[in-house]
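Peer 1: Dropping the sequence and predicted coords here.
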Amino acid sequence: MNIEKYKIEEYNQQVKAKHTRKLESLVEDINNYEAILQKLIDFQIAIPSWALGSGGTRFGRFPGGGEPRSLEEKIEDVGLLHALNKSSGAISLHIPWDVPKDYQEIKTLAAQYGLGFDAMNSNTFQDQPGQALSYKFGSMQHVNAAVRKQAVQHNIEVIQHGIELGSKSLTVWLSDGSCFPGQLNFRKAFQRTLESLQEVYAALPDDWKIFVEYKAFEPNFYSTTVGDWGQSFLYASKLGPKAYTLVDLGHHLPNANIEQIVSLLLMEGKLGGFHFNDSKYGDDDLTAGSIKPYQLFLIFNELIEGMDARKMSHSTDLGWMIDASHNVKDPLEDLLQSVEAIMLAYAQALLVDRQALAAAQEDNDVAKAQEILQAAFRTDVRPLIAEARFRAGGALSPIELYRSLNVREELVKERGSKTVATGL
Ligand code: RM4
Ligand code: MN
Ligand code: MN
């Protein structure tokens, strides 16, 4: 399915007057309005290929129908999102769930929707049919060198797929760890993992980055071999300049100060990428900003502060991705909501009066510092995001248009109600 340009324009015409009214009163209070708007237009968030179908838990799965049956249909889905919001200009693939049959065809299709290929993701957390050796006791940390080799080889294959598609980065998330005390020698597990990662690093093209993702728990529940940002930072530092830490918002222990982690990683030049989602308890993979929007804003506040200090480009110097799972919502609606929440947090953080904040900090004026942050956070920037979308050719309200065009119903008609997308 395709959303024609004229349908977006028609819709925008209907709601334009109301939008303009709201925008005008907001713009009065914003100094560098045009510059902020351009930043919002430039900002793109990659969509994970594995989040286009219904997620599940170990208790069950309740698919809503019309799920993409192939890589082509996943690209089509991301194309729909991008047509509506103009902020989802890339797809992040997970191998072997998304092995392309014909690279050229896939590239052409993606280009038709204006999409690029973001980070490639490897998978050594599941055994695949026909796989020689099992990852039950880990992959890159495994006591058996042959298992480690298999995991390294898989990652090299993922890089090769990525090169063909024009991707520039590899995300490695390892589920390796232990479930019980005594199961593992922590030091040996670390060393083996490092050696395996070094082999993958050696196969990385010069203009590529490798992102080492960390996670505190699950599926291993006693220890994780890349368990927190300290361990990820250690691997990334030992690997070399092409290696970075990736922060997935759901991968911390409760109440972790993620904004502080982000700030220090940026200071060290080792923050590479992001997986956005939200959570109440753990790796819940909920819609970004649905539980702790203030935390999302505070993270963006540090991102902007840290990136500006290093003169980094907001839109291109870090890998921005969503990593989510949708058990009860239409995945496409959920992703539209996530992108919107990320854009809102970004816009609010752009509004922070940085000079005044720095002065309040130097003065130990705690109340003033809080006032400055909360003034930005409590600004309703929705019209600003809508305007950026409008100028880029997207819909003023993507979800409203998605619903009025009956996109999901159309997808169910085309694909059927019992389709299952590859992924988790
Ligand atoms: C993991 C992690 C990875 C993702 C998998 C599917 O929890 O977040 O980024 O590749 O889930
Ligand atoms: Mn992730
Ligand atoms: Mn996760």
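Peer 2: Good, I have the coordinates. Ligands and ions are numbered 1, 2, ... in the order given.

Peer 1: where does the stretch 251-400 of the chain have low pLDDT?
Peer 2: Along the stretch 251-400 of the chain, the model assigns pLDDT under 70 to no residue.

Peer 1: which bits of the stretch 151-300 of the chain sit near ligand 1?
Peer 2: Contact residues, the stretch 151-300 of the chain versus ligand 1 (Cβ under 6 Å from any ligand atom): 173, 213, 215, 248, 275, 283. (Glycine included, C-beta is placed from N, CA and C.)

Peer 1: before we move on, what SS does the fifth one have?
Peer 2: What it means is H275. strand (DSSP: H, G, I helix; E, B strand; the rest coil).

Peer 1: isn't it right next to D248, touching?
Peer 2: Yes. When contacts are counted by Cβ atoms under 8 Å, H275 is listed as touching D248 (3.6 Å).

Peer 1: Looking at the two, which one has more neighbours?
Peer 2: Set H275 next to D248 and count neighbours by other Cβ atoms under 10 Å: H275 wins out with 28 against 22.

Peer 1: Let's test this: what are the backbone torsions at the residue of the stretch 1-150 of the chain found nearest ligand 1?
Peer 2: Closest to ligand 1 within the stretch 1-150 of the chain is N121: 4.9 Å, counting by Cβ to the nearest ligand atom. Main-chain torsions, N121, degrees, to the nearest 10: phi -120, psi 130.

Peer 1: my guess is it meets I91, correct?
Peer 2: No. Taking contacts as Cβ under 8 Å, N121 lies outside contact range of I91: 11.1 Å.

Peer 1: Common neighbours of those two, please.
Peer 2: Common contacts of N121 and I91 (Cβ atoms under 8 Å, 6 or more residues apart in numbering): P48.

Peer 1: So the two - more neighbours on which side?
Peer 2: Counted by other Cβ under 10 Å, N121 and I91 do not tie: I91 has more neighbours, with 29 against 26.

Peer 1: what's the burial count for L253?
Peer 2: Other residues close to L253 by other Cβ under 10 Å number 10.

Peer 1: quick thing: my sequence starts at 16, can you match it?
Peer 2: In the new count, where the first residue is 16, that last one comes out as L268.

Peer 1: Okay, and which of the residues of the stretch 166-315 of the chain next to ligand 1 map to strands?
Peer 2: 188, 228, 263, 290 (DSSP state E).

Peer 1: can you pull the contacts of the last one?
Peer 2: Read it as H290. H290 touches 228, 261-266, 336-338, counting by Cβ under 8 Å, 6+ apart.

Peer 1: gap between it and ligand 2?
Peer 2: Distance of H290 to ligand 2, given as Cβ to the ion, to the nearest Å: 4 Å.

Peer 1: now swap in the second one and tell me
Peer 2: Shown here: E228 relative to ligand 2, a distance of 6 Å by Cβ to the ion.

Peer 1: try F392
Peer 2: Counting by Cβ to the ion, the separation of F392 from ligand 2 is 25 Å.

Peer 1: just to confirm, which helix or strand has the spatially closest residue to that residue that is not a sequence neighbour in it?
Peer 2: Distances taken as Cβ to Cβ, 6 or more residues apart in numbering place F312 nearest to F392, at 4.9 Å, with adjacent residues excluded. Using DSSP states H and E, F312 sits in helix 308-324.

Peer 1: now for the next helix or strand after that helix, which elements pack on it?
Peer 2: Remark: after helix 308-324, the chain's next helix or strand is strand 334-337, criterion DSSP H and E. Strand 334-337 sits against strand 62-63, strand 286-291, helix 346-366, with contacts defined as 3 or more Cβ pairs under 8 Å, 6 or more residues apart in numbering; DSSP states H and E.
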